[in-house]
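*Asks:* Provide a 3D model corresponding to the input given below.
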Amino acid sequence: MAAPRPAAVAGLVQYVVLRGDLARPPLAWPLGAVVAQGCHAALAASHTHSEHPDTRAYLEMGGAMRTVVLEAPDEAALRALAETLNQHSIDHALWMEQPENMPTCLALRPYPKDQVHQHLKKFKLLK
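*Replies:* From the prediction side, this is the model:
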């Protein structure tokens with residue numbers, strides 16, 4: 001298989017979708033705990049799909065990697081997104097915090113933005 005073209009590699013992005021309600025009462029998780037959920041999901045998606053050419057090209061980008069962190073308002077929205085991604089055969093990892101077995105974050109493997117953006121456009125950047 002030929003190496004990806006530089007323009008194609010530059011268009012790769014890994015989307016991470018965190019539950020915004022984790023940081024707000026009544027849950028009120030510390031910022032570090034919320035960030036850790038995003039890290040877990042991103043690593044799980046990258047590891048699970050490590051053999052995909054887009055994942056390999058993305059990881060080889062080093063400091064040029066592009067990650068977009070979005071906010072799902074709550075568990076129901078995160079689960080609905082996971083179902084939509086499953087229906088469209090979009091590779092992702094839904095991170096489940098243990099031992100509570102609580103879905104906290106979802107990350108897609110790296111994709112060209114134009115292949116997945118339509119499924120994520122209703123989510124805003126995490127603030």
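*Asks:* Report the residue spans of the protein with pLDDT below the cut-off.
*Replies:* Within the chain, the stretches with pLDDT under 70 are 1-10.
*Asks:* all helices in it, in order from the N-terminus.
*Replies:* When assigned using DSSP state H, the helices of the chain occupy the ranges 6-10, 31-48, 53-60, 75-87, 113-120.
*Asks:* Kindly reformat the ones you listed as CSV containing mean neighbour count and distance to Val69.
*Replies:* C-beta here means a position set from N, CA and C on the backbone, and glycine is covered the same way. Below are the helices of the chain laid out as CSV (neighbours: other CB atoms under 10 Å; distance: least, CB to CB, whole Å):
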stretch, mean neighbour count, distance to Val69
helix 6-10, 12, 19
helix 31-48, 17, 6
helix 53-60, 17, 16
helix 75-87, 15, 13
helix 113-120, 14, 11
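*Asks:* closest to Val16 out of the ones you listed?
*Replies:* helix 31-48 (4.8 Å; CB to CB).
*Asks:* Before I go, just wanted to say thanks for your time.
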